[in-house]
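1. Structure here, sequence nowhere to be found:
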């Protein structure tokens, strides 16, 4: 009878655990790529002892090179900024912009504390009136202080998503119709080609006048300024989704169309079971493009119409003309860029959750 070497058994178990660990890493790699964290994969593999030299090279490519490029950009910015003089002084460098960013954060915290204090005082006053039997004098008094930087960011994000959702609700059904019907495509194509290039600055006055004429109430669910910005976003951002949806639907495999005819599927079943699953990758490409367009359009609309949000913040700082205004505008520009990147990552993650590729 041959004795089993315990060391061999332990080595086999260790190798099996290592293989399972690498399987988990490979599965997570697809989501790391979606989230822009692809450098985590070689870090985990190197920590597991998988060819550390090759993994270090991959970490350098995915993480070291981008960080080096960012550092080079910041160094170039810091060196060249003092050389450019404006009416407000020299262009602020990275340090000055960071100081203004921390100042905006401190202002936002202070504004939040003031708002909370005001709302607490109003609530206490109303309670005293109720206890005194004067409930008819109770009032909900709104805080009228200036919005904080974070509140302006929140306003812009909410507005762009509202306009984007309306655009999606309009563009996807029209795109499906255009993709399935050559007649509908012929009818829609001229309007798409005419209205797609129109600037938001051209739409804005039209939308403003129509909303002012139709939305006459002052105590409605939405403010007029919000509707103006959201509808402008809708009008400018629906075209990429419409075009890509029509293209995706028109490009589905003809064999699938023949199968639907053989099975005698009704229109709704055909769309939900065959058309949409096949066209989803292109539809999501259109949605990502539309959201990016909508975010750019919103900032321009807020600046021109002076509607609440990041665009108004930039314009107010430009009009303010103080020594810190330029640095604050640059903080807003970086904020707009970072939020735009995050919005695209969110849409990419949703796309990855609902579609499939050869790698995932």
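-> It's in. In this text the structure is predicted, and so the values were computed from the model without any measurement.
2. Mind giving me the packing neighbours of the helix or strand containing residue 292?
-> Using DSSP states H and E, residue 292 sits within helix 276-305. On a contact count with 3 or more Cβ pairs under 8 Å, 6 or more residues apart in numbering; DSSP states H and E, helix 276-305 meets helix 149-180, helix 200-214, helix 224-250, helix 310-320, helix 325-354. Just so you know, the C-beta spots here come from the backbone N, C-alpha and C atoms, and that holds for glycine as well.
3. Look up the closest residue to residue 147, ignoring the ones flanking it.
-> residue 308 (6.6 Å; Cβ to Cβ, 6 or more residues apart in numbering).
4. Please tell me how far that neighbour sits from residue 248.
-> 36 Å (Cβ to Cβ, to the nearest Å).
5. Between the two, tell me which one has more neighbours.
-> residue 248 (23 against 19; other Cβ atoms under 10 Å).
6. Give the burial count for residue 273, as a bare number.
-> 15.
7. shaky segments in the stretch 101-250 of the chain?
-> Where the stretch 101-250 of the chain drops to pLDDT under 70, the residues are 218-220.
8. sorry, back to before: tell me if the residue nearest to residue 147 really is in a strand.
-> No: counting by DSSP: H, G, I helix; E, B strand; the rest coil, residue 308 is not part of a strand but coil.
9. longest single helix anywhere in this structure?
-> helix 94-131 (DSSP state H).
10. For it, buried residues please.
-> 96, 97, 100, 101, 104, 108, 111, 122, 126 (16 or more other Cβ atoms under 10 Å).
11. For the second one, give its distance to residue 250.
-> Remark: distance between residue 97 and residue 250 (Cβ to Cβ) = 47 Å.
12. tally of neighbours for residue 319?
-> 9.
13. distance of it from residue 306?
-> 10 Å.
14. before we move on, what about residue 57?
-> Using Cβ to Cβ, residue 57 is found at 52 Å from residue 306.
15. same thing with residue 62?
-> 43 Å.
16. So the two - more neighbours on which side?
-> residue 62 (18 against 14).
17. quick one: contacts for that one?
-> 38, 39, 42 (Cβ atoms under 8 Å, 6 or more residues apart in numbering).
18. Ranking by neighbours, what's the top pick from the residues you listed?
-> Counting by other Cβ under 10 Å, top hit in the contacts of residue 62: residue 42 with 24 neighbours.
19. Can you give me the buried ones in the helix or strand harbouring it?
-> Following DSSP H and E, one finds residue 42 within helix 40-47. By neighbour count on 16+ other Cβ under 10 Å, the buried set for helix 40-47 is 40, 41, 42, 43, 44, 45, 46.
20. which among the residues you listed gets closest to residue 145?
-> Taking Cβ to Cβ as the measure, residue 145 lies nearest residue 40 of the buried residues of helix 40-47, at 42.3 Å.
21. give me the number of residues near the nearest residue to residue 294 once chain neighbours are set aside?
-> Among residues not flanking residue 294 along the chain, residue 237 sits closest, at 3.6 Å (Cβ to Cβ, 6+ apart). Counted by other Cβ under 10 Å, the residues lying close to residue 237 total 29.
22. Same check on residue 278?
-> Using other Cβ under 10 Å, residue 278 is surrounded by 17 other residues.
23. Quick check: it touching residue 256?
-> Yes: counting by Cβ atoms under 8 Å, residue 256 is a contact partner of residue 278 at 6.5 Å.
24. so how far is residue 333 from residue 344?
-> For residue 344, the distance to residue 333 - Cβ to Cβ - is 17 Å.
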